[in-house]
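Asks: Give me coordinates for this.
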Amino acid sequence: MIMEIKELYASMSEKEILKGLNMRINDGEFHVLMGPNGSGKTTLSKAIMGYPKLKITGGEILVDGKSILNLTTDERAKLGIFLQFQNPMEIEGVGFVNFLHSANSAVNGNHADVKEFMSEVRGMNEKLKLSGNIFKKPLNHGFSGGEKKKAEVIQMSVLKPKFAILDEPDSGLDIDAIKTVAENVNEIAQRNNTSILLITHYSRILNYMKPQFVHVMIEGRIVAEGGIELIKKLEAEGYESFMHK
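Replies: Next up, the predicted model:
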């Protein structure tokens, strides 16, 4: 899947947040988007997934050369686009496992064999070192911040997306959990040739992942692009060095 974002403008509650953003992510590539709070990183993820309260006022989002702006969120998911939320919602009355099974059926259009499905879920649960109690809980209800992030990695494994947006997958995780999440995301992406856009404030998770491209976002625009060397510059100089470019 090739994701192209061209001169994208977007507003929320009459406030312009994205201001002519451009980005291209080719099939199987791993990109990182970094920037300070309020720069528009999460807004970009919402724009790609079709968040209904976000108004696109200009530009295009193309998948394999075709606009997706007229598609609903579930239609975009069926194309193979996946969003791991920054703050996953708690939903009472919806079992975690039932949700995974229903999501897989809705997105991939198949009804997986229950034994095979549960084998995959249990296998991922062991790899991520989650408690088996999550199988008995409603979706994200009573989960810690780290458990919520790990649960979404299980969802990514089940859905096998072509393009995955990971919005701060390291938040709420301790050092050991960051390594575990990173290793499993790497494995899932390699297994399915998934393109990744990882959004983060900090570089700590990148100690265990190897992005090919790095973008710096300031005030709704991409102000710098490069490779790993750009992360080193950020660590040395901070975001201030990129302001007003």
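Asks: strands paired with the helix or strand of the chain with the lowest mean pLDDT, and their directions?
Replies: Scoring the helices and strands of the chain by mean pLDDT, DSSP states H and E places strand 138-139 at the bottom, with a mean of 78. Here strand 138-139 has these sheet partners by DSSP bridges: strand 91-95 (antiparallel).
Asks: re earlier: what's in contact with the helix or strand following the least confident helix or strand of the chain?
Replies: Sequence-wise, the next helix or strand downstream of strand 138-139 (DSSP states H and E) is helix 145-159. The contact list for helix 145-159, computed with Cβ atoms under 8 Å, 6 or more residues apart in numbering, reads 77, 82, 84-85, 88, 96, 100, 103-104, 107-108, 117, 120-121, 124-125, 128-131, 134, 140, 143, 164, 169-174, 177, 180-181, 184-185, 188. C-beta coordinates here come from the backbone N, C-alpha and C atoms, glycine included.
Asks: what about dumping the CA coordinates of helix 145-159 to CSV?
Replies: In CSV, the C-alpha atoms belonging to helix 145-159 read as follows (Å, rounded to 0.1, in the frame of the first residue of the first chain):
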residue,chain,number,x,y,z
GLY,A,145,-2.2,2.1,30.3
GLY,A,146,0.4,-0.5,29.3
GLU,A,147,-2.1,-3.3,29.0
LYS,A,148,-4.2,-1.1,26.7
LYS,A,149,-1.3,-0.6,24.4
LYS,A,150,-0.4,-4.3,24.4
ALA,A,151,-4.0,-5.2,23.7
GLU,A,152,-3.9,-3.0,20.6
VAL,A,153,-0.8,-4.9,19.4
ILE,A,154,-2.8,-8.1,19.7
GLN,A,155,-5.5,-6.3,17.6
MET,A,156,-2.8,-5.4,15.0
SER,A,157,-1.7,-9.0,14.8
VAL,A,158,-5.2,-10.3,14.3
LEU,A,159,-6.2,-7.7,11.7
